[in-house]
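Peer 1: The amino acid sequence is not available; the structure is as follows:
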């Protein structure tokens, strides 16, 4: 009996070690793929009134991923993205605590690897600083937002997200010519394997904003 118990413990320990090894061996993109896929499903296929609750559930899943993979900048980035999305869906002053949490996760990711996921932490932080109200309500800072947008584009100059969000930022500042250039660059961005739904949804957002700018210019 004692021998059986020892064998069972050894088997359990071996399985646990193998599981940890598998997680560590997994490519960063694959590690966060389930979070990415579910995020795209929520954003582009779910009614807006249901999104906040679904992002909340996904944020909890992302937190578990972070806890199970300490030191993963990619997991932290996606937790930050999901928290930001939840804040956007929730709206109002109640969303401020969420965006502060998102900023913390993204800042932590930058300290680990600022180039993770093609500089996505910079892109996400830039968007937060651009959209969150400034002091005394929030931490919004337009100058810092632009600085982070430029850092994200230095890492990923042809990426769909940094060009779209910077283009959106520029459009909101009435810098229409610059905005159009980045939005057009975003439309030409190479497809991201495995992220077809996100790419399709993002391209629709880009085209909608371009059409709006063109209409306003006439």
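Peer 2: Noted; the coordinates are in hand. Please read all numbers here as calculations on a predicted model, not as lab measurements.
Peer 1: Tell me the spacing between the most centrally placed residue in the chain and residue 88.
Peer 2: Most central in the chain under CA atoms, centre = their mean is residue 81, positioned 3.3 Å from the mean C-alpha point. Distance of residue 81 to residue 88, given as CB to CB, to the nearest Å: 11 Å. To be clear about C-beta, it is placed using only N, CA and C from the backbone, and glycine gets the same treatment.
Peer 1: Run through this structure and note the low-pLDDT ranges.
Peer 2: 1-26, 218 (pLDDT under 70).
Peer 1: Residue 195 contacts residue 36, correct?
Peer 2: Yes. If you go by CB atoms under 8 Å, residue 195 and residue 36 touch, sitting 6.5 Å apart.
Peer 1: re the thing from before, residues contacting the residue nearest to the centre of the chain?
Peer 2: For residue 81, the contact set (CB atoms under 8 Å, 6 or more residues apart in numbering) comprises 39, 102, 120, 124.
Peer 1: Looking at these, which are in strands?
Peer 2: In this view, the contacts of residue 81 have no member that belongs to strands under DSSP state E.
Peer 1: re earlier: between residue 195 and residue 36, point out the one with more neighbours.
Peer 2: Higher neighbour count among residue 195 and residue 36: residue 36, with 20 against 17, using other CB atoms under 10 Å.
Peer 1: The host helix or strand of the more buried one packs against which elements?
Peer 2: Assigned by DSSP states H and E, residue 36 belongs to helix 28-45. The helices and strands touching helix 28-45, judged by 3 or more CB pairs under 8 Å, 6 or more residues apart in numbering; DSSP states H and E, are helix 48-68, helix 73-90, helix 196-217.
Peer 1: for that helix, the distance to its chain's centre please.
Peer 2: With CA atoms, centre = their mean, to the nearest Å as the basis, helix 28-45 stands 10 Å off its chain's centre.
Peer 1: what sits up against that helix?
Peer 2: Contacts for helix 28-45 (CB under 8 Å, 6+ apart): 23, 51, 54-55, 58, 61-62, 65, 69, 72-75, 77-78, 81-82, 85, 116-117, 194-195, 197-198, 200-201.
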